[in-house]
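Asks: quick check, what structure comes out for this input:
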Amino acid sequence: MKAVAIHRMKVYWPLYVMAIPGIVFLIVFKYIPLAGAVIAFKDYSVFKGFIDSPWVGLKHFKTLIHHPDFFRVFGNTLMLGFLKLVLVFPVPVLLALMINEIRKAALKKGIQTALYIPHFLSWVIVAGIVFDFFSLSGLFNIILGWFGFEPLLAMKDSTYFRPV
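Replies: Residues are numbered from 1 along each chain as shown. The predicted structure is shown next:
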């Protein structure tokens, strides 16, 4: 059995060599940073570093849980995570299936380009576009006006945070 394994390593050595950069990447960027999680259990000081900072155990977690806003923030986090799972996960799949059904190649490429362009924009620009969209003179309020509704400042009202 051992001889077979050694023989396979000799035969497939180029594949093992090709795997080395990926393994190094995982170790350097995924596993080594896990050591920094010890900061949560220490009264960390930049000047003392990881090792010399005093150990405080679960003190920071107790402070977090006893904060008056903890359960509201935790609930928002769970709700946004659930909405992301339910809405953000299937929407790209459904969109890809719908685009796949378009027969005209030029139209299909145009739609793909229009949907992919926002990935090249800065989050500052995207936030500006969202603010403009929901402003009093924005497209959202223009459409509301078509249906006879009063203008709504969705970015000002906290009840619209999740939908926006």
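Asks: CA atoms only for stretch 144-151, dumped as PDB, please.
Replies: Only the C-alpha atoms of stretch 144-151 are listed here, as PDB (Å, rounded to 0.1, in the frame of the first residue of the first chain):
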ATOM      1  CA  LEU A 144     -45.200  57.300  -6.600                       C
ATOM      2  CA  GLY A 145     -46.600  60.600  -8.000                       C
ATOM      3  CA  TRP A 146     -47.900  58.800 -11.100                       C
ATOM      4  CA  PHE A 147     -50.000  56.600  -8.800                       C
ATOM      5  CA  GLY A 148     -51.300  59.600  -6.800                       C
ATOM      6  CA  PHE A 149     -49.100  59.000  -3.700                       C
ATOM      7  CA  GLU A 150     -47.400  61.800  -1.700                       C
ATOM      8  CA  PRO A 151     -43.600  62.000  -2.000                       C
END
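Asks: now it: how far from the chain's centre is it?
Replies: Relative to its chain's centre, stretch 144-151 lies at 34 Å (C-alpha atoms, centre = their mean, to the nearest Å).
Asks: kindly report the same for stretch 63-72.
Replies: The answer for stretch 63-72 is 23 Å, by C-alpha atoms, centre = their mean.
Asks: now what about stretch 89-97, what contacts it?
Replies: By C-beta atoms under 8 Å, 6 or more residues apart in numbering, the residues outside stretch 89-97 that reach it are Leu115. Backbone N, C-alpha and C define where each C-beta goes, glycine included.
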